[in-house]
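Colleague: no letters, just coordinates:
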């Protein structure tokens with residue numbers, strides 16, 4: 001099942017985009033997702049700082 005999310009305050013750190021949205025229970029979630037082709041990295045975090053740290057330290061294995 002896919003989640004249709006409306007992201008706000010989206011920033012880009014290298015190839016990774018970090019955005020904030022609300023989950024189905026109304027809690028705020030922060031998502032970091034890599035936009036490089038064939039990378040597939042994405043993760044949800046409870047804090048914006050954790051999502052930005054993941055974006056800064058992410059290294060794509062696809063070259």
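Modeller: Ah, there it is. Keep in mind it's a predicted model, so treat the numbers as computed, not measured.

Colleague: switch to C-alpha atoms for all contacts and neighbour counts from now on
Modeller: OK.

Colleague: sketch out the low-pLDDT regions of this structure for me.
Modeller: 1-4, 62-63 (pLDDT under 70).

Colleague: okay, which residue is most central for it?
Modeller: residue 32 (1.5 Å; CA atoms, centre = their mean).

Colleague: pretty sure that residue sits in a strand.
Modeller: Yes - using DSSP: H, G, I helix; E, B strand; the rest coil, the assignment for residue 32 is a strand.

Colleague: list the contacts for it?
Modeller: Applying CA atoms under 8 Å, 6 or more residues apart in numbering to residue 32 gives the contacts 16, 17, 18, 19, 41, 42, 43, 44, 51, 52, 54, 55.

Colleague: and the closest residue to the fourth one other than its chain neighbours, how many neighbours?
Modeller: Nearest non-adjacent residue to residue 19, counting by CA to CA, 6 or more residues apart in numbering: residue 10, 4.2 Å away. Other residues near residue 10 come to 13 when the count uses other CA atoms under 10 Å.

Colleague: just residue 30 next, same as before
Modeller: When neighbours are counted by other CA under 10 Å, residue 30 comes out with 24.

Colleague: please name the residues that touch the residue lying closest to it once chain neighbours are set aside.
Modeller: Distances taken as CA to CA, 6+ apart place residue 20 nearest to residue 30, at 4.5 Å, with adjacent residues excluded. Applying CA under 8 Å, 6+ apart to residue 20 gives the contacts 7, 8, 9, 10, 28, 29, 30, 31, 48.

Colleague: tell me the secondary structure for residue 20?
Modeller: Reduced to three states by three-state DSSP, residue 20 is strand.

Colleague: please enumerate the strands of the chain.
Modeller: 8-13, 16-22, 28-34, 42-45 (DSSP state E).

Colleague: chain center to the third one, what's the gap?
Modeller: It refers to strand 28-34. 3 Å (CA atoms, centre = their mean, to the nearest Å).

Colleague: that one to strand 16-22, inter-axis angle?
Modeller: 160 degrees (axes from the mean of the first three to the mean of the last three CA atoms, to 10 degrees).

Colleague: no more questions from me, cheers.
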